[in-house]
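Participant: next comes the sequence, and after it the predicted model I'd like to discuss.
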Amino acid sequence: MENKMENDVNQSEYKSITSCPLCSNEDLVTVLQNPSDKILNTKSFNSRIDLCKKCSHAFLGIRLLPHNQFKAYENYYTHDQRGKAVAGDKFQFFSYMFKNLTSDFKKNIIKRSVLKILLRIPFIGFSLQRAIRFIGIPSQDQNLLDVGCGNGEFLHRMKILGIEAEGIDLDPTTIALCRKQGLDVHQYDLGDFNPQKKYNFITCSHVIEHIEDPISYFRKFKELLAPNGRVFISTPNFNSYGRKFFKENWRGIDFPRHLQYFSLESLKSLVNDSDYKKVKFLWDRRQALKIIKNSCRISGFSRIKTISVLFIFLCIYTFVPQKCDVIVLQLIK
């Protein structure tokens, strides 16, 4: 793929991080030296991924300065138009059934019973829950904020369900895509976003690995939540078997766009002092298998080898879920 960074990265364009972004510990070990961009083939620079010996959080030790990071996002997947209604979002297969079942949900015992049965059926139940990012059964008097809304695909799903949903994103290209679809979006960094209302749900799908200061995000989530509100955060698991198997070819590396590499251990250390009422960890096996499939592609595996590897990792996810490649964190205020 064509090189997306036209100019060499020099010392004025990046910075070095010498302490853990979560616990400020300076006792670090380098787990990967000089990663490269396996996705968009942006020009590499001498960097490293360091691991904190205290809280087990990993992070990009040398990274582009914030005002230069846009260089790594040209033609990124969030710039495509999969969120358009005419694009045939797979969720539409379930959406009308789901919408009909959730309308007047609180008053209709039959609908409640049918939906509970559907959610227990392995394929249908998981597909429905995953499509709405595991937020459960939202009622139409609740609202939702999607942080890092990208091309608006998830907001479009919420719109189909009749849920009041809005999104924020820093990227003007993705904001333009969303507004073209008539979605309610705002170009803000989360720290600067101060709406005149609180939210029942906040979703943050594969965003926190891209930000400089994850602690500030967790504080802001709580500030924006209504009482008993819920946050759902998904991120790659750096301590997964997939990362250990593929090493520098693991799709979750995504150098130089991923700045943070979370694990179950580091997320636990992050939320221990967050004062949320309840913390729960889930596992997105379907998204994890997508990471494994893309890692196989990066590694140049044959089709037969890819199928074999996918089957092995599906078995691993079944029996050792904490080694799954995608963690979903649920926080309840």
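Facilitator: Thanks, I have the structure now.
Participant: please count neighbours and contacts with C-alpha atoms only from this point.
Facilitator: OK.
Participant: okay, now the closest residue to Cys296 other than its chain neighbours: neighbour count?
Facilitator: Excluding the flanking residues, the one nearest Cys296 by Cα to Cα, 6 or more residues apart in numbering is Thr306, at 5.9 Å. Residues lying near Thr306 (other Cα atoms under 10 Å) number 19.
Participant: now do the same contact list for Thr306.
Facilitator: In this structure, Thr306 makes contact with 293, 296-297, judged by Cα atoms under 8 Å, 6 or more residues apart in numbering.
Participant: what does it show for phi and psi?
Facilitator: Main-chain dihedrals, Thr306, degrees, to the nearest 10: phi -60, psi -40.
Participant: which SSE is Lys116 in?
Facilitator: helix 109-120 (DSSP states H and E).
Participant: buried sites along the helix or strand that that helix is followed by?
Facilitator: Downstream of helix 109-120, the next assigned helix or strand under DSSP H and E is helix 122-131. Neighbour-count burial for helix 122-131 flags 125-128, 130-131 (criterion: 16 or more other Cα atoms under 10 Å).
Participant: Lys280: neighbouring residues, count only.
Facilitator: 11.
Participant: on that earlier part again, could you dump the buried residues of helix 122-131 into CSV and include distance to Gln196 and pLDDT?
Facilitator: Below are the buried residues of helix 122-131 laid out as CSV (distance: Cα to Cα, whole Å; pLDDT from 0 to 100):
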residue, distance to Gln196, pLDDT
Gly125, 35, 74
Phe126, 34, 74
Ser127, 34, 74
Leu128, 31, 75
Arg130, 29, 78
Ala131, 28, 77
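Participant: out of those residues, which one sits closest to Asp213?
Facilitator: Arg130 (26.9 Å; Cα to Cα).
Participant: hmm, back to that, mind giving me the packing neighbours of the helix holding Lys116?
Facilitator: helix 92-102, helix 122-131 (3 or more Cα pairs under 8 Å, 6 or more residues apart in numbering; DSSP states H and E).
Participant: in its sheet, what does whichever strand or helix holds Ile168 sit against?
Facilitator: Per DSSP H and E, Ile168 falls inside strand 164-169. According to DSSP bridges, strand 164-169 forms sheet pairs with strand 143-147 (parallel), strand 185-187 (parallel).
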